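Chemist: Could you look at this predicted model? Sequence included:
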Amino acid sequence: MFTSFQSRVAFFGLTLLVGSSGSYSRETEEEVFVYNVGERNWINGDGVDAGGFLFPTLYVNLAGGAFEPGGGPEDFATSEHDPQNEGGVSAIHLHLDLNLNEAVTGAVTGVGHQGPDHVWEAELEEAYLHYHLNDTITVGGGQFLNRFGFQSDLHLHDWLFINQNLINSRLVNEGELITQGGEILVKTPSSGLLTLGVGGLRTHAHDHDHGHGGEEEEEHELESEDHHGEHEHEHEHLEIDDAAFQSWVFTSDYRFRLPFDDSLTGSASIGVGENGFGRNTTIYGAGLRKVWNGHDHGHGGPDFCSGATMWQTEVIGRKVDAFLEDGDAVDFDDYGFSNSLHHGISDRVTASLRHDWVSAVDPAEMTDRHRLSAALTAFVDPQQRVRGRIQYDYTIDDTIGSEHAAWFEIQIQWGGVGGSHAGHGH
């Protein structure tokens, strides 16, 4: 029996007990890992600490790929954290988790990543503190990854695939709502977690073509411009990047266990803010996560034992108030989904499949896009600090036709608890 606000949240094939303090018992020989869903902070383990309150973890990602003639990794990158070079170190990220006392926790996260032509960029992703008023309410402030669905607050080392989901890249500011402001986390009687976040947006200071084919897409745009130069415009173009939040944002995210199946987790999210046109964008999303035979051995990471299976689906849409190039106001809808299936072949090896889709956006002259991905992930050491992953992507877009890409990635971890999701409690 479970008491108080405990719930079982499934992540990457794990079944975790979630909630406030309270006793529980279970007629099973499996060890259960107790996790407080209201915190994104350090989980005690065999990691490194400084002074007993500062817990560093360093990750180094090396990635490369093979592509069709004429294509390159930058043509497939839809976010700044996707691999953008044919080989080499793609990212270095440092987490400093803080556990000052029972009431005050927090984290600082810095990331260095290589853009095209091996040009390094560095950024501060998170620097926040949480004050736990009681077992139910936590308030926080600083710079943080605003929660919106299952994917948006995950750091690179937590991703289930080498590249970002298409819906998050297109619709959720390249997958990250980096907010400078405050948030409130409330555990609900229905064994869920309600997160409210508000603040200014720290935007990415670079441009992406969002995976629409690199040079081929540029040629397509030039042909469109030439065609429009010969004839009168039927409609004016708009820049899709300006549809993202660029000034301020307010979001509400609710994650909950479904009462009829404690291995099924739901997510419902909504957000509103000012976009690059100086008008409003409203974004909404829903998701489900189902786990079969999943459990945890106490490491806090995605052990994903043999025979465990997880299915996850997310739908995200947005309504954008925009301006065309001639200054006329226009509204449009943009939406998509991401489905994935993960199965534990053994205690260290996981096979994954994903289907992404994003809709066409006529004012931006963008067609709809499908991407099918297959990945194999393996921890190659007993401590689960070295992770290897191979992945194949097949992309279908009316503008560029079909394209194939193969990826390989190695992630090395120092500090923290072994496993890509250990110690951060997302």
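Modeler: Right, received. Where do you want to start?
Chemist: hmm, which helix or strand of this protein has the shakiest average pLDDT?
Modeler: strand 14-18 (a mean of 29; mean pLDDT, DSSP states H and E).
Chemist: what's the neighbour count on Phe256?
Modeler: By other CB atoms under 10 Å, the residues close to Phe256 number 18. Any C-beta I mention is one placed from the backbone N, CA and C, and that applies to glycine too.
Chemist: again with Asp397
Modeler: Asp397, neighbours per other CB under 10 Å, totals 21.
Chemist: Would you check that it makes contact with Arg369?
Modeler: Yes - the criterion here is CB atoms under 8 Å, and Asp397 meets it with Arg369 at 4.5 Å.
Chemist: Could you report the distance from the closest residue in space to Ala378 that isn't next to it in sequence to Leu160?
Modeler: Using CB to CB, 6 or more residues apart in numbering and skipping residues adjacent in sequence, the residue nearest Ala378 is Val349, 4.6 Å away. Going from Val349 to Leu160 by CB to CB, to the nearest Å gives 14 Å.
Chemist: Check Thr265 too.
Modeler: For Thr265, the distance to Leu160 - CB to CB - is 15 Å.
Chemist: Thr136 now?
Modeler: Noted for Thr136: a distance of 30 Å to Leu160, by CB to CB.
Chemist: got it, and Trp120?
Modeler: 26 Å.
Chemist: So for Thr136 and Leu160, which residue has more residues nearby?
Modeler: Taking neighbours as other CB under 10 Å, Thr136 and Leu160 compare with Leu160 leading, 24 against 15.
Chemist: dump the residue contacts of that one.
Modeler: Contact analysis of Leu160 by CB atoms under 8 Å, 6 or more residues apart in numbering lists Phe12, Ser340, His342, Ser352, Arg354, Ala375, Thr377.
Chemist: again with His343
Modeler: Counting by CB under 8 Å, 6+ apart, His343 has contacts Ala308, Thr309, Met310, Thr350, Ala351, Ser352.
Chemist: nearest to Thr203, of these?
Modeler: Nearest to Thr203, judged by CB to CB, of those is Ser352 at 30.3 Å.
Chemist: Against which helices or strands is whatever helix or strand the closest one lives in packed?
Modeler: Assigning secondary structure by DSSP states H and E places Ser352 in strand 349-358. The contact analysis (3 or more CB pairs under 8 Å, 6 or more residues apart in numbering; DSSP states H and E) places strand 349-358 against helix 166-171, strand 329-344, strand 369-379.
Chemist: out of these, which comes closest to Trp414?
Modeler: Trp414 lies closest to strand 369-379 among these, at 14.9 Å (CB to CB).
Chemist: buried set for the closest one?
Modeler: In terms of neighbour count (16 or more other CB atoms under 10 Å), strand 369-379 has its buried residues at Arg369, Arg371, Ser373, Ala375, Thr377, Phe379.
Chemist: Ok, stretch 274-283 next?
Modeler: Quick answer for stretch 274-283 (16+ other CB under 10 Å): Glu274, Asn275, Gly276, Phe277, Arg279, Asn280, Thr281, Ile283.
Chemist: Inside strands: which ones of those residues?
Modeler: Mapping those onto strands (DSSP state E) picks out Glu274, Asn275, Asn280, Thr281, Ile283.
Chemist: Quick check: nearest residue in space to Ser266, chain neighbours excluded?
Modeler: In this structure residue 266 is Gly, not Ser. Counting by CB to CB, 6+ apart, the residue nearest Gly266 is Phe256, at 5.3 Å.
Chemist: I'd guess that neighbour is in a strand, am I close?
Modeler: Yes - using DSSP: H, G, I helix; E, B strand; the rest coil, the secondary structure at Phe256 is a strand.
Chemist: Look at it and report its pLDDT.
Modeler: The model reports Phe256 with a pLDDT of 92.
Chemist: Surely it and Lys187 touch.
Modeler: No - using CB under 8 Å, Phe256 is not in contact with Lys187; the gap is 10.5 Å.
Chemist: Show me whatever sits in contact with both of those two.
Modeler: Leu193.
Chemist: Name the nearest of the contacts of Leu160 relative to Glu239.
Modeler: Glu239 lies nearest to Arg354 out of the contacts of Leu160, by CB to CB, at 27.8 Å.
Chemist: wait, that closest one sits on His342?
Modeler: No - the criterion here is CB under 8 Å, and Arg354 misses it with His342 at 9.2 Å.
Chemist: where along the stretch 201-350 of the chain do the helices fall?
Modeler: Here the stretch 201-350 of the chain has its helices, by DSSP state H, counting those that start in this stretch, at 215-230.
Chemist: Check the stretch 51-200 of the chain too.
Modeler: Under DSSP H, counting those that start in this stretch, the stretch 51-200 of the chain gives helices at 73-76, 166-171.
Chemist: which residues touch the most centrally placed residue in the chain?
Modeler: The chain has Gln151 as the residue nearest its centroid, 3.1 Å off, counting by CA atoms, centre = their mean. Counting by CB under 8 Å, 6+ apart, Gln151 touches Gln164, Asn165, Asn168, Val172, Gly175, Glu314, Ser338.
Chemist: if we go to 7 Å?
Modeler: Asn165, Asn168, Gly175, Glu314 (CB atoms under 7 Å, 6 or more residues apart in numbering).
Chemist: close enough to count as contact, the third one and Asn168?
Modeler: Looking back up the chat, that one is Gly175. Yes - if you go by CB atoms under 7 Å, Gly175 and Asn168 touch, sitting 3.8 Å apart.
Chemist: where does the residue nearest to Asp333 when sequence neighbours are not counted land on pLDDT?
Modeler: Spatial nearest neighbour of Asp333, excluding adjacent residues (CB to CB, 6+ apart): Lys319 at 5.6 Å. As predicted, Lys319 sits at a pLDDT of 97.
Chemist: Poorly predicted segments of the stretch 251-400 of the chain, please.
Modeler: Under the criterion pLDDT under 70, the flagged ranges of the stretch 251-400 of the chain are 295-304.
Chemist: What's the separation between the closest residue to Pro363 other than its chain neighbours and Gly278?
Modeler: Counting by CB to CB, 6+ apart, Pro363 lies nearest to Leu238, which is 4.9 Å off, once chain neighbours are set aside. Noted for Leu238: a distance of 13 Å to Gly278, by CB to CB.
Chemist: Out of the ones in strands among the buried residues of stretch 274-283, which is nearest to Ala91?
Modeler: Nearest member of those to Ala91, counting by CB to CB, is Ile283, at 26.0 Å.
Chemist: didn't the residue nearest to Pro363 look like it was pressed against Asp326?
Modeler: No - under the criterion of CB under 7 Å, Leu238 is not in contact with Asp326, lying 10.1 Å apart.
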